[in-house]
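[1] I need the structure of the sequence given here:
(one chain, ligands or ions: 2)
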Amino acid sequence: MGPWLAPGHYQVRERHKDESLNEAFCIWEVVVLDTVAPGLNCPTTLPVLHASSSCTAVMPDWTGLVTAADACSVLDVVQDPLPGTVVTGSFTVTFTATDGVSTTACSFPIALVDTIAPTLACPTNKNRNDLNNDCAQPVLWPIPIPVDGCGAVAFTQTDGLPSGSLFPIGTDTIVYMAMDAAGNTSTCSFTVTVWDISPPSVIALYSTHWKSP
Ligand SMILES: [Ca+2]
Ligand SMILES: [Ca+2]
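    Ligands and ions are numbered 1, 2, ... in the order given. Purely as a prediction, here's the structure:
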């Protein structure tokens, strides 16, 4: 058995000689092809890609997460989307390994993970005087607007009277909460204080007339 040949083109020269020592040559070419595609394994534990505040991410180079092997040689492993690509939402990451002749691909799904809570800004504290001495004041404020880079936000007031209500003497705490689709929450709060500025009145409930004997 002759030597094992690596893939490539080889020229074989055969020399034949008869009994009269006449020689003849035969030259032919041998082509060794690699017909076995590379092996390629994607990771079983999928990587996590966190979303930025704008709900995008820059694609890392994950070619080191796949295992490629070939009996001849693996020339290249290419990732799609390419490292450095700005991605968003859910998508498929595909890797392709080539040995120069054949290719093998594997892929896995990725969904950006949103860990950033919505932004939510409450008004400043509200202080009002009970001007009409009716033990309450209407207080109105602009409703906060939550913002999240990844979209829809559930928003609710979790404590205190709603804007525009008649607030009694004293301090009430207003609390709002916003929650994004990933369950990240933000809260903000402020106080509404109504001051009693009227002095108490003294009312005579009865009078007693006393006459000396
Ligand atoms: Ca091969
Ligand atoms: Ca978010």
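
[2] could you dump stretch 150-170 to PDB, C-alpha only?
    C-alpha atoms of stretch 150-170 as PDB (Å, rounded to 0.1, in the frame of the first residue of the first chain):
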ATOM      1  CA  CYS A 150     -38.100  48.100  24.200                       C
ATOM      2  CA  GLY A 151     -41.700  49.300  23.700                       C
ATOM      3  CA  ALA A 152     -44.900  48.900  25.600                       C
ATOM      4  CA  VAL A 153     -45.100  49.700  29.200                       C
ATOM      5  CA  ALA A 154     -47.900  49.000  31.700                       C
ATOM      6  CA  PHE A 155     -48.500  52.000  33.900                       C
ATOM      7  CA  THR A 156     -50.600  52.400  37.000                       C
ATOM      8  CA  GLN A 157     -51.000  54.600  40.100                       C
ATOM      9  CA  THR A 158     -50.400  52.300  43.100                       C
ATOM     10  CA  ASP A 159     -51.000  54.700  46.000                       C
ATOM     11  CA  GLY A 160     -52.700  58.000  46.800                       C
ATOM     12  CA  LEU A 161     -55.600  59.900  45.300                       C
ATOM     13  CA  PRO A 162     -55.700  60.600  41.600                       C
ATOM     14  CA  SER A 163     -54.800  63.900  40.100                       C
ATOM     15  CA  GLY A 164     -57.500  66.600  40.400                       C
ATOM     16  CA  SER A 165     -58.900  65.100  43.600                       C
ATOM     17  CA  LEU A 166     -59.900  67.100  46.700                       C
ATOM     18  CA  PHE A 167     -57.100  66.400  49.100                       C
ATOM     19  CA  PRO A 168     -57.800  66.700  52.800                       C
ATOM     20  CA  ILE A 169     -55.700  68.600  55.300                       C
ATOM     21  CA  GLY A 170     -52.400  66.600  55.800                       C
END
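
[3] how about that stretch: buried residues?
    Neighbour counts over stretch 150-170 (16 or more other CB atoms under 10 Å) mark 150, 153, 155, 160, 163, 165, 167 as buried. All C-beta atoms are positioned from the backbone trio N, CA, C, and that covers glycine.

[4] so the fourth one sits right up against Val175, yeah?
    Read that as Gly160. Yes - the criterion here is CB atoms under 8 Å, and Gly160 meets it with Val175 at 6.2 Å.

[5] Outline the domain layout of the protein.
    Here the domain parsing of the chain from automatic domain parsing is 39-111, 126-195.

[6] average pLDDT for the first one?
    Going back to what we said before, that points to domain 39-111. The average pLDDT for domain 39-111 rounds to 96.

[7] What of the shortest one?
    Mean pLDDT, domain 126-195: 96.
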